[in-house]
Structure formats: structure tokens, C-alpha cells
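# Below is the structure, and that's it, no one-letter string:
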């Protein structure tokens, strides 16, 4: 969209003008916000209601407006393409809000030397270590010259140059760089990154979630009680399904032929039948309920009828 | 209908006995039961179920050089389930000489994990001697487009114009420079299939916005998610499905290689058996109560 | 056991020690676990920061401005930052504006997503119980079970009237029983999922670290 409004080539060639325009546009937005800030509460509320409705109407209209007879998309469809990209950026900034919150909490722990503030130091060490390794590794790719434009003159200092920044062997030879070393060296950002990512992060995360296996085992004998017939039915199904999904269970019935009518008695086939027919229809019934709920909820949000946290409160 | 024991005294004694057992012994039991078959290298056959066979068939049916979108949305938390699935799926795609675009909307570290899995798959499929200019080449045969935040309007844009929506690969290089994207227009026109390898609820959006445009979707998900997907298998909104580690093992079997999932399944058998024994053990007083009541009746 | 001499070996040792540190919680609460837990949190946060910049903000926001001169993208910073006013009493109307607009977009898409998801589901729910001509008999049996289950579970969740009439109450109760079967199936699947994660860790410890399982 913006491409058709302006010709950006001139801005692309004139860095200074581009950044000036960017900063001015941000300032203009802030000025608009400042003006709105002094609008009375009721006015702001109506503005939010209107914006929510317009946002929803864009996609509702986009869906209900037919395509052209030639099968070309309607004008709203072409217009909405940019919304996805803008929302990516807005969502990315909000993701950073989560990071800010964590950092804020742990920073306060350390500053006020709260109980166990040492763990917050560990948090910061890991946070900074990972961020530095990752940013350092890719920095040159983002902000350095194009690989083809590299010369001895604009070659960065060695501490910025990662082992893989220039991976073309002939270019390395041309620039007088030694071949990429085989050995691991934590002074190279990508090695440090691999160290932290593969060595620590992946293993820590995988282990963190695997602890659940112990809890489910513990729960199985402490909490899974067949106090009534319904619980008994659930347990029997669970046991059949569990037998049907592991090789040992399958081995129990692998004397039954795989073809023919009796094959349905093989435990893996029977448990597939339970999953597909009974579980499948139960899930569908529940899913229809959820779907209708989501439809109703969306309509309430769109028309600003919803009440509760974030909805309909005084602003 | 109550099945509770008619003699509450015995029940309470048993409950007390159970609660007195140190949970650490139970944990140790799990460790021993799981590790022994793995060390012994116990191998039992595993049989492929229809969703896995259909998954396999849907890739087999694609002609060479077709473009497949792989949405890989798992992180290290479900490594043992999704990583073997990813390796097996990539090996199959490469065996069929298909082209593929990898993207992630589930987790920020998914692109790196998927890239690692892809490197393993290439090594397993073609061996260490593969010439640098042989299939698959980055940019010509596959591209990793990295992580994007999942939101429905963006997925709508992705359907309409994948290049503009994905924009750059995971290293920030613009997609238009790659030959792979040369003829790409809209997603339904350019991609023959979508494979979702996932540990989070990414599938509903694919079904709603991409499946409805007549793109086949196959799913490789964690076992926790699998039961909820059966309604969509029935309508062929999902053409196939791999259920966790077991699905990966079945797929490895269909592809004629014995990968990590097949070998890890040995541990599953005895871990399941252990859990089964524990459930019975926990309910022993109740089960005894049934029999006692039946005798008195 | 993996030697500590190679880079690969050091990495495996780090991973193994990290794994054991987290598993120490199974024995009892201890500082080693807490350290590993906070290291994990820190690494995840650091990685998140990098990923958001490298994969979204750099290619979609910064690069179009720098390389193509598309300065209007700069304005996307404003709604992004408006979220940050959420904790300010005076300014939090700004966060409300962004939040509700984004929800409005999502809400507007519900018509498309609903049709894309449920139209085929609804169509598929009308299955023939009796078919004329030749067909294997079990197909009708499956369809019958499917229809009964669907209707009974529906009825169970139908709160618009009281389930007083006996046939209704019976059907709703049957729906509840059938749901127990589905929940049993879900429990079985969950067991497999949890065990998989644990086996994955054992595989790492006993294959890569101490070579007890032959890879």
C-alpha cells in the first residue's frame, strides 16, 4: 500500500531524509495521541468502540463481499494484506513487554537484595550471555556490507568477525583470512551460541518438561481412584488405549491376523476404533460447543458488548 | 452406582499405607522400568495405524519438485516427540525430491531446532559424502523462513501472498532473492501441501484458513493433542496424523529405517506397564472391595 | 562415558549436568535446582529477545526502512509501544486502544474461520445409518455409534432446558458415559506424551553422555 502512495526510491538513496521522515512520522503519531489524551473519557470510550467495530468490519466485509466474476479478489482483500504485517510488528513489540516484565522483577530482586536474590543474578547472567552470543553472531549479517562488497579495507575487526560470517572459502582466501577452523573456540560468537543453545538451553527445557512424567506416575497411584462406575469405565479405556499404543501391548494380540473381520480385535486396531469412532464423535460434539461459544464471544467483542477485565471498563 | 468398598476401615488403611510410601521409590521404579528395555535393546514390532499410512501416502502422491509448506512449531519441551517426527518427515520429503519452505509460528526457538533436525535428516538420508551442489540446496530446494507471531490476520495475509507475509528467511535475507520463490503467487496456488509439526494449538488456524482453500494438511503433533484431532481426520480436513513418538516410530517403519523413535518405543512399553501396575496397586483396596461384595451377594 | 576433550564432549557434559541439576528436584527442593531453573529462564528470555529482533523486527520493520526507504513503517512503533502504558493509570487507555483493535481484527475473521472449520464438520455429521445396496455391515454400525454419541453428548451440554424428562435424562447420562471413554483415551495419550519426554532425556543421558545404550 505505501508503495503506491509514495515513491520510496528517493528515500532509499537518501538515508538522512528517510530517518528524518521516520522520526517525524513517529512524532506526528505521538502528537495525535497527546491530543486524544485530553478528550473526555466518554469520547475515548466511543473511539475504542468504533475502532474495534471498524477493525472487525474490515474482515467481515472482506469475507462476505464476493470475488469478481473473473475470480479476482475483492478490493478489501487486497487492502487487508498489509494488516497482517503491521500486526506482526505490533505483536513483536508487545512480546518485548513480557521480557521487560521479567527483567524488571529480577532487577528489583537484586536492587532490594530480596531473599534469594542470587538466583536473579543467575537469571541475568544467562539472559545477557544468550542475548550477547546470539546478537553478536548475526550482527555482521544485519549491519555489515554485503558479502560481495567485502574488501580488506572494510573488513571488520576480528572480534566482530564470526567464524561463519564469511563462509565462502575462495572469498576467505581472497581476503587473506585463514580457512574456517575445525576446532571449537568460545571466542567465536557462533560457538558460544551453540554452546549455550544446544548445550544448555535445549537440555534444560527438555528436562523441565520431562519432569511431568514423574508427576503423572505419582498421580496415577495416589489420585486415580475408581470410586464409581464412570471412573472405572475411564480407567478401562485408558488401559486398553495404553496397551494399544506400545509395542508390548501390540505383542499381546499379534497372533490375530492383520487382514479380515477379526483384525478389529487386535489391540492396536481396537484402540484406533475407540479413538476414531467414540472419541472422535465426543470430540466433535465438544468442538461444536466450543465453536458456537467462540462465535458468540467474537460477536460480543466486535460489538463491544463484552464486560469484564479490559472490556467496557472506564478508561 | 457406587463401587466404593463396603468396609471403609480397610480402605482407609490402604490409603494410609499408600500415602506413606516415599514418592522417591516410585520415581526410582519408573527410572529402572524405563531404562532396562532401552539398555537391553528390546525391539518389538510396531504397526502403522491408518492416520500414519495416510500421511505417508499424501507425500508419496506428490510429484517431484512440488512445493510443500512445513510449519514446524515445537520447542525443546517436546523434543523427544517432535524431533524424530521432523527428521522422518524431512527424510521423506527429500526422498521424494520435493521442495519445501519451513516456517514457525509456535515458538521463537523452533527455527533453530528445526534447522538442526533438518541437518540431521540430510546427513542420515544422503550421508556425509554428499556433494555441496547436490539436492537439497538452500534457497533452491528449501528455505527456513524463521519465526513469526501467530495471529489470524497475518495467516490470512500468508494465504494471499506468502512472500510478502514471510518476507525474509531466518537470517534476515529477503525471500525474493531465492530461486525457490520464483513462481510463488498465492499459497493455495503454489503449495501442494501443508505439514504442521506442532506442540501447540496451531492447527485450527491452518484448517480454517488454508485447508478451506483446498490445500491438503497433514499433522504431526504431540500425543496429548492427538485425540482432539480425530473429527478433522474424519472429514479429511487433516489428511494424516502422526501421534507423538509412536507416530514417528510408525513413520520410520514405513520409510524403512530404524531411527531414534523406533528404538525409544522399547522404553514406552515398560513405562506404560509400570504405570498400569501402579494404577492397579493404588486401587487394590477398591478392587478387593468389589470381590468381597460379590461374594457376599 | 563421553570424553571432555572435544567441544562436542563439553557440550554433552554441560547438557548432562543441566539435566541432572533439574532432576535433583525429584529428590528434594535444593539450590542447584533453583540455579538451573533460573538459568533456563534467563536463556529463554535472552533467546526470545534475539528471535523477535532477528526474525520479525529486523526483516519486517527495520530492513524495509533502511534498504527500501519505506519510512511509514516507523509509525508501527507507536501502537507497539502503546501496549506499555498498561501499568499507568493515566495512560492505560492507549493500551486499550491497541488491544481492542487487534481483538476486533480477530473477531472480524471469525466468520471466515468458522465457515472454514465447521462447515465440513457439520456436513460430515449427517452420516447414513442405513444404506441401500452392498456395503460392509460394520460401516453402518460405526455410523450409528457416531450419531448416538454425538447427539447424547450434545444433549449433556444442552442447558437451555432442564433434563427432567426421562428419555432426555437417560440420553444425557449416556453422553456422560461416552465422554468418560473419550477422557480415558485422552489420559492414555497423555501418559504416552509424558513418558516420551522422559525417555528422550534418558536417551540423551545414556546414549550421548554415558554410552550405556548403543546408538
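Thanks, I have the structure now. Bear in mind that the values here come from a model prediction, so they are computed numbers and not experimental data.

# Ranking helices and strands of chain C by mean pLDDT, which lands last?
Least confident helix or strand of chain C, by mean pLDDT, DSSP states H and E, is helix C:137-156 with a mean of 87.

# Give the rounded mean pLDDT of the helix ranked longest in chain B.
Identified as the longest helix of chain B according to DSSP state H is helix B:260-282. Regarding helix B:260-282, the rounded mean pLDDT is 91.

# next one: stretch B:60-76
For stretch B:60-76, the per-residue pLDDT averages 94.

# and residue A:27, how many residues sit next to it?
Counted with other C-beta atoms under 10 Å in any protein chain shown, the neighbours of residue A:27 add up to 12. (Each C-beta comes from the backbone N, C-alpha and C, glycine too.)

# rewinding a little: continuing past the least confident helix or strand of chain C, what's the next helix or strand?
Using DSSP states H and E, the helix or strand that follows helix C:137-156 towards the C-terminus is helix C:166-203.

# wait, residue C:92 sits on residue C:85?
Yes - here residue C:92 reaches residue C:85: they are 5.3 Å apart, a contact under C-beta atoms under 8 Å.

# In chain B, which residue sits nearest chain C?
residue B:80 (2.3 Å; C-beta to the nearest C-beta).

# Just the pLDDT at residue B:213, thanks.
88.

# Report the contact partners of it.
Residues in contact with residue B:213 (C-beta atoms under 8 Å, 6 or more residues apart in numbering or on different chains) are B:159, B:187, B:188.

# Those residues in helices, which ones?
B:159, B:187, B:188.

# Including pLDDT, distance to residue A:216 and neighbour count, could the residues you listed go into TSV?
Output for those, formatted as TSV (pLDDT from 0 to 100; distance: C-beta to C-beta, whole Å; neighbours: other C-beta atoms under 10 Å in any protein chain shown):
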residue	pLDDT	distance to residue A:216	neighbour count
B:159	93	39	21
B:187	94	39	22
B:188	93	41	16
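
# Just name the closest of these to residue C:76, please.
The nearest member of the ones in helices among the contacts of residue B:213 to residue C:76, counting by C-beta to C-beta, is residue B:159 at 21.8 Å.

# what's the spacing between the nearest residue to the closest one once chain neighbours are set aside and residue B:175?
Nearest non-adjacent residue to residue B:159, counting by C-beta to C-beta, 6 or more residues apart in numbering or on different chains: residue B:187, 4.7 Å away. Distance of residue B:187 to residue B:175, given as C-beta to C-beta, to the nearest Å: 13 Å.

# And for residue A:259?
Distance from residue A:259 to residue B:175, counting by C-beta to C-beta: 48 Å.

# Those two: which is more packed in?
Between residue A:259 and residue B:175, counted using other C-beta under 10 Å, residue B:175 has the larger neighbour count: 21 against 6.

# Looks like the more buried one contacts residue B:143 (just checking).
Yes - in this structure, residue B:175 is within contact of residue B:143 by C-beta under 8 Å, at 6.8 Å.

# Need the overlap of contacts for those two.
B:169, B:181.

# what's the closest non-adjacent residue to residue A:273?
residue A:264 (6.5 Å).

# Next: residue B:87.
Residue nearest to residue B:87 in three dimensions, not counting chain neighbours: residue B:121, with 4.7 Å by C-beta to C-beta, 6+ apart.

# Kindly report the residues of the stretch 151-297 of chain B close to chain C.
When proximity is defined as C-beta under 8 Å from any C-beta of the partner chain, the stretch 151-297 of chain B approaches chain C at B:151-153, B:156, B:167-168, B:170-172, B:174, B:204-205, B:207-209, B:211-212, B:222-224, B:226-227, B:231-232, B:234-235, B:237, B:243-246, B:260, B:264, B:267-268, B:271-272, B:275.

# quick one: residue C:57 and residue A:92 touch, right?
Yes - using C-beta under 8 Å, residue C:57 makes contact with residue A:92 at a distance of 5.3 Å.

# shaky segments in chain A?
Within chain A, the stretches with pLDDT under 70 are A:1-6, A:147-148, A:154-169, A:178-187, A:309-315.

# where do the strands sit along it?
With DSSP state E, there are no strands along chain A.

# Would you point out which residue of it is nearest chain B?
Counting by C-beta to the nearest C-beta, chain A gets nearest to chain B through residue A:84 (2.9 Å).
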